[in-house]
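Q: Here's my sequence, what's the structure:
(2 chains)
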Protein chains: 2
Amino acid sequence: MGNTDFAYPSTMNVEGAHQVAIPPSKPFIKSFMSNLKETFFPDDPLRQFKNKPASKKFILGLQYFLPILEWGPKYTLQFFKADLISGITIASLAIPQGISYAKLANLPPILGLYSSFIPPLVYAMMGSSRDLAVGTVAVASLLTASMLGKEVSAIENPKLYLHLAFTATFFAGVLQAAFGLLRLGFIVDFLSHSTIVGFMAGAATVVILQQLKGILGLEHFTRGTDLVSVMRSVFSQTHEWRWESAVLGCGFLFFLMLTKHFSKRRPKFFWVSAMAPLTSVILGSLLVYFAHAENHGVQVIGELKKGLNPITVTDLAFDSPYLMTAIKTGMITAIIALAEGIAVGRSFAMYKNYHIDGNKEMIAFGMMNIAGSLTSCYLTTGPFSRSAVNFNSGCKTAVSNIVMALAVMITLLFLTPLFHYTPLVVLSAIIIAAMVGLIDYDKAIHLFKVDKFDFVVCMSAYIGVVFFSVETGLILAVALSILRVLLFVARPRTNVLGNIPNSMIFRNVNQYPNAICVPGVLILQIDAPIYFANSGYLRERISRWIDEEEEKLKSLGQSSLQYVILDMGAVGSIDTSGTSMFEELKKNIDRRGLTLVLANPGSEVMKKLDSCKFIDEIGQEWIYLTVGEAVRACNFKLHTGKPSLATIEPENVSNV
Amino acid sequence: MGNTDFAYPSTMNVEGAHQVAIPPSKPFIKSFMSNLKETFFPDDPLRQFKNKPASKKFILGLQYFLPILEWGPKYTLQFFKADLISGITIASLAIPQGISYAKLANLPPILGLYSSFIPPLVYAMMGSSRDLAVGTVAVASLLTASMLGKEVSAIENPKLYLHLAFTATFFAGVLQAAFGLLRLGFIVDFLSHSTIVGFMAGAATVVILQQLKGILGLEHFTRGTDLVSVMRSVFSQTHEWRWESAVLGCGFLFFLMLTKHFSKRRPKFFWVSAMAPLTSVILGSLLVYFAHAENHGVQVIGELKKGLNPITVTDLAFDSPYLMTAIKTGMITAIIALAEGIAVGRSFAMYKNYHIDGNKEMIAFGMMNIAGSLTSCYLTTGPFSRSAVNFNSGCKTAVSNIVMALAVMITLLFLTPLFHYTPLVVLSAIIIAAMVGLIDYDKAIHLFKVDKFDFVVCMSAYIGVVFFSVETGLILAVALSILRVLLFVARPRTNVLGNIPNSMIFRNVNQYPNAICVPGVLILQIDAPIYFANSGYLRERISRWIDEEEEKLKSLGQSSLQYVILDMGAVGSIDTSGTSMFEELKKNIDRRGLTLVLANPGSEVMKKLDSCKFIDEIGQEWIYLTVGEAVRACNFKLHTGKPSLATIEPENVSNV
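A: Residues are numbered from 1 along each chain as shown, chains lettered A, B, ... in the order given. Have a look, this model is predicted:
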C-alpha cells in the first residue's frame, strides 16, 4: 500500500472498493411506458386527478380545459377595476395595430378589428396566462401575405385570397390544438432562443422595409420580401415618391418613438406610449379631413363596414386547388405564433410566479384560431408589445381581454366611420415604431459574448430572413441548431483526468492544471452518450490517446502504460453500435497488453453492457464505482505484481 | 462537524473544500481551430509530417495517397505466393458474380467483368486495406436499376441507360473522393449498425425476389422492387412459368447452399464454396450446350464481346436531361458503397491488427470509381463476400486484387465465348446463394435483446426496403436514428442522488438502492448537455422534482428542503438557452426560499456561466468540486444556522 504514488484517505482500502451492481432488469413494457411518460407527460398533468371521486375528476377536467372556471369564482371587484383600466388601454393599442397588421397581410383592414373581438373572448375562457393580450402579430401577417401572395394575388383575386387566409387560420388552429392534445409542445423548443432573436429581428427588418411603400406613398410595390427586391422596387420608381406622405409619416414616427422613449424611461407613464398610436390615428385623420390631404397624394383607409364579425364557416376553401398552400401557410404561421405566444406567456408568468402549462396554452391558441377562422378573423396569438402594455397597466386576469373585446365590439358597431380618413402612412409609422423594438442588438451582442455558435445561428436566421425569405431564415437557423446537437453527439470530447492533490478526486487536467496524472494509468472521460454517430470516432480517438500516451512515456523514459480507465459517469446512454465499439476496444487494448477498466457506469449503460455479455468479457472486477477506486485497485495490482486480467479478488467474487 | 448525518474521511473538512476554477479564457480563434481540428481531423493525419525535411514530407505525402509506395518495397516472394492463390480464388468468384450483378443492374453482362479489371488495379495502388477485394455489389446494382429505371427504360433505350450508369458512377466517385478530401467521413457514421443490418437484409430480400424472374424463366417483369409489385407480377403470369428453368435453378441453388454450409463448418475448405459459383457456371453452360436447353425455355447470356474495357470518357451524359437522376443515383449508391466498403475494410483490419484510415479509403474508392466510369465500369466497392473469401484464402496484400484483375483480363481477352451458353438461371442461383447470408436473423435478435430502439430502427429499414423502396427504407432508418439522438438531448434524465453509506460518494438512488438521501438537501444529476432543445423541459422538470420532494417531506413530517444541488458532471456543454434556464431556475429557487448549489461543472459550462455573469449571481461559494463537498458545506451551514446566500467563507474569497 505504501508504494502507491498518491494519497488517499486511510479509511479506505482495496478490500473496501464499492461494487457497481447491474440494475435489476425492469420489464420492457414498464420502462417503455415510463420513457413515454417522461417524453410526453413530463409535467405529469394527471397528478391532481389521483385518488379523487368521479364528480371531482369531472370538475377538475373541465377546469383543465376552461381555466376560467377555476379563477372565475374567486374574481373580485378590485380585480375588475384593474382589468378594466388595462383592458381599455390595450384596446386603444389594439385598434390601430389591428388595422395596420391586416394591411400588412394584404387583408381588408376591418379584419384587424374582427380579430381583436372573438379570439380574445375564447382565450379568456381557455387560456391560463393572466397577462397575455390576444391579437394579430406583424410577423405572421407578413408571412401570410408572402406565402399566400406567391400563389394568389390579393389585388386581382381578393375573395379567393381572403378565403385562403381563413383556411390557413383554420389549419393553424387545428395544428396548434393537435400539438397540445398530442403533447407535442416540445416541437416549439426546437426554435432556440438564438433562432428567435435572429428571426424576430429579421422579420422586423423586413416588415419595416415593407412600410417604405406606405411612407413614400407608392402605388406599386414588389411582392418579394427580401432586401434586394424591396430596394430595387423603391429606387426604380423615385419619380413616384410623394413628399407629403413622407413628411407626415416621418412626423408621426418621430412622435411615436418619442412617447416610447419617454414611457421606457418612466415606467409609470406606460399609458403615454400605449395611447400614442390611437392619438396618431385621430390626429392623422383630423389632419386629412380638414386639409383634404387625400387629394394630395396621401392614401387613406377608406370605408370600413359597420357591424360585428360575419360568419365565415362556408368560406373555408377546402376544395380549392390552393388548399396545400393554405395548409403550408397555416403550419408555418402556427408554429411562429405558438413560439411567440408561449414565450410571452411564460415570461410574464415567471415575473408573477405562477405556472403556465405549454400544452394547455397550445390547445387554447388552437381553439381560439379555429373559432377565429369561422368568424372572419385571421391568425392571432399573444403579441409581446400588447401583452407588455397589459402587464404594465396592472391587469390581474384574462378579464382584461374581455374588456378589450367589448371595446372593439363597440368600435365595430358604432365607430368604424371615424377611420375613413385615417391616412395609411400613419399605420406604417405605427408598424415601424412597434417593429424597431424587436431588433434586439443587445441580445445579439450577448450571444456573441457567451456563445459563438448561438450567434452564428442568430445571424443566419437574420440574414436568411432579410436576404432570402422568412421561411428560408427559419429553416436555416433550425437546421443549424439541430446540427449543433448532432455534432455534440458525433464528436464527444474525451478528457484526460488527473488526481487532484490530497484527494481521491480525479478531474480534467485541462480544467484543473494542478491535477496530476497517475503513472502507468491513462484515465479518459467520455462526456456524451455513446451512439452510432460517435462510436467509430471514439474507438479511433481512444486508440490515439493510448498511442500518444505511450509515445510520451517512451520519450520521457518512464515505465510503460498498464491500464486504461474510462470514466463513464457522463455517458448517459449507449446503443448497440456503442456496445460493439466496447467489444472492439477491449480486443484492441488486450492486444496491446493493456487492461481496460470502467469507472462509474450509469444504470442504462450497465444494463446494455450486461445484456450483450460485455460485463462477463471485461470481468466485473474491472468495473469500479469511482475513478479513485479504480486507480487505487490498478496501483495495488501494479505494485503487488499482479497486473494480469486473471487477477480475481475473492471479495469481489463473493459479491457478484 | 459532529452534527453532520453521514461519514466522510477525517482528512477533509469544510475549510479544505476544493475550488472550481473558471478555466483561463482561450482566444476564440484558438478554441475554434481546435474544435475544427477535432471535428475534421480527429486522427491527426499530419502528425507524421511534423519536423521532417521537405523531401521526406513529399515522399510521405505520396505514400499517403499511394500506400503501395509504402508497402511495395517491402514486398516478398512469400507474400506473392499467398496473394497469387487468393487472387485466383477471388477471380473464380468475381467472374460469375460480376456477370450476375450486371444483369441485376440491367446492364450488359460484360460490364461485370470490366468492373473487376480496372477498379481493383486502382485500389491496389491507393487503398490501405490488405484484405479488401474490389468488385460490384448486389445492393448498389439493384439501386442503380431501380433509380435509373424509373426515368429511362434499359430495354427501350439501352444506350442512354448505359451512359447514365457511367455518369452515376462518375458522380459517385467524385462524391466519395470529395468526402475523403473534405474529411467528411463521419457522414457514413450516421448509417448506424442497426440501420445497416436492417437495410442489408431488406436489400437481400428484394434482390432475391428479383431473381424469381430468372428462376421462373419469365420474359416480363415488374420494374418495382417492392414485395407487392413483385408478387403481383409473378402470380399474374403463372402460365409463363417454365419448369425447366425452375428445376435447373433450384438444383444449382441447392448445390451452392450445400457448398456454403460445408465451407462454413470446415473453414479449411473455404475454396469449395469460393469455387462453387464458377463450377456451377461451367456445369450449367455444358448442360445447356449439350442438351440444347436454350431451345426449351432456358435463357442464356448470349454473346459477350471479346476484348478489354472500351474507353467511355465521351459517354458521360453531362448534358442529358436526366443528369439530376444520374447525380441522385450516384450519391445514394456512393454512400451505400462507402458504408459497406469501409465497414468491411475495418473489420478485417481489426482481425489482423492494422489501421485503416476512413478518409483515405474514401479517396481510394472515389478515384477507383472515377477511373471506372471512364473505362466502361459501373459502381464498385469492397463487397463482404468476396473480401471474406480473400481473407480466408490467406491474402497478404492488395496484390491479390492485381492477380484477380489479371485473371479477369485473360478472361476478357480469350475466354468470353465460353459464357455464351451460360444459363441466366445459374446466375440467379448464384445471386440468391450470396444474398441469403446477408439476412442476419441472429443480429436482429441480438438487437432486440440489447436495445429495443435499435431493433425498431433495424425493422423499419427492413420493412421500408421490402414494402416500399430501397431509398425509403434507408431514409426512414436514418431519420429514426437521428430522432433518437435528438430525443436523448430533448429529454435528458434527471436522477436523484443519494449518499453511498460510509463514503463521500453520491450516486443515482435508482441504480444504488442502498444510497441514502440527505435530509434537507435535494441532489439532482442532469445527464445531457443543456441546449435549447431541453432547457424548457429541464426548468419544468427540476421544479417538479422540488415540488415532489417538498410534498414528500411534508407528508413525512420531516424538516423542509433547504438546498438544491445540481450535479453538473455529465453536462458536457451548454448554450445561451441553457444559461437563461439557469438564471430563471435560480430566481425560481430563490423565491421558494431555497439555495441553488452547483457541483462539478465542466470547463465549458464554467466558461459559459461566467461569461453570462451567472457565477457572480449564484456566488462562487455555491459551486463545489464534488457533490460530497457540496453536501458537506450545506450540512455545515444547516447546522451552524447560516443557510442564507450571504454566507461567504473567507477562504473562498481569497481564492477567487
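Q: Over to residue A:570. Which of the three states is it?
A: What DSSP: H, G, I helix; E, B strand; the rest coil gives for residue A:570 is coil.
Q: So for it, what's the pLDDT?
A: Per-residue confidence (pLDDT) for residue A:570: 88.
Q: mind checking how far it is from residue A:169?
A: 46 Å (Cβ to Cβ, to the nearest Å). Quick note: C-beta positions are derived from backbone N, CA and C, even for glycine.
Q: With neighbour numbers in mind, choose between the two.
A: residue A:169 (33 against 25; other Cβ atoms under 10 Å in any protein chain shown).
Q: Can you name the element that comes right after the strand or helix carrying that one?
A: Element membership for residue A:169 (DSSP states H and E) is helix A:158-181. Downstream of helix A:158-181, the first helix or strand assigned by DSSP H and E is helix A:186-189.
Q: Show me what that next one packs onto, helices and strands only.
A: helix A:323-352, helix B:532-556 (3 or more Cβ pairs under 8 Å, 6 or more residues apart in numbering or on different chains; DSSP states H and E).
Q: Looking at those helices, spot the one closest to residue B:181.
A: helix B:532-556 (32.6 Å; Cβ to Cβ).
Q: My guess is residue A:198 contacts residue A:466. True?
A: No. Checked against Cβ atoms under 8 Å, the pair residue A:198 and residue A:466 is beyond contact range at 9.8 Å.
Q: Give me the common contacts of the two.
A: Residues touching both residue A:198 and residue A:466 (Cβ atoms under 8 Å, 6 or more residues apart in numbering or on different chains): residue A:473.
Q: between the two, who's got more neighbours?
A: Remark: of residue A:198 and residue A:466, residue A:198 carries more neighbours, 32 against 23, as counted by other Cβ under 10 Å.
Q: ok but that one is inside a helix, no?
A: Yes. The assignment for residue A:198, made by three-state DSSP, places it in a helix.
Q: Distance-wise, check it relative to chain B.
A: Using Cβ to the nearest Cβ, to the nearest Å, residue A:198 is found at 12 Å from chain B.
Q: quick one, what contacts that residue?
A: Counting by Cβ under 8 Å, 6+ apart, residue A:198 has contacts A:444, A:457-462, A:465, A:473, A:477.
Q: For residue A:266, the count of nearby residues, please.
A: Neighbour count for residue A:266, taken as other Cβ under 10 Å: 10.
Q: now swap in residue A:74 and tell me
A: Using other Cβ under 10 Å, residue A:74 is surrounded by 8 other residues.
Q: Need the pLDDT of it.
A: Confidence score, pLDDT, at residue A:74: 90.
Q: Turn the contacts of residue A:198 into JSON lines, columns for secondary structure.
A: Shown next, in JSON lines, are these (three-state DSSP):
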{"residue": "A:444", "secondary structure": "helix"}
{"residue": "A:457", "secondary structure": "helix"}
{"residue": "A:458", "secondary structure": "helix"}
{"residue": "A:459", "secondary structure": "helix"}
{"residue": "A:460", "secondary structure": "helix"}
{"residue": "A:461", "secondary structure": "helix"}
{"residue": "A:462", "secondary structure": "helix"}
{"residue": "A:465", "secondary structure": "helix"}
{"residue": "A:473", "secondary structure": "helix"}
{"residue": "A:477", "secondary structure": "helix"}
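Q: Looking at these, spot the one nearest residue B:380.
A: Nearest to residue B:380 among the contacts of residue A:198 is residue A:460, at 39.2 Å by Cβ to Cβ.
Q: In space, what's closest to the residue of the stretch 151-300 of chain A found nearest chain B - neighbours in sequence excluded?
A: Of all residues in the stretch 151-300 of chain A, residue A:192 sits closest to chain B, at 3.1 Å by Cβ to the nearest Cβ. The shortest distance from residue A:192 to any non-neighbouring residue, by Cβ to Cβ, 6 or more residues apart in numbering or on different chains, is to residue B:532 (3.1 Å).
Q: Cool, thanks, signing off.
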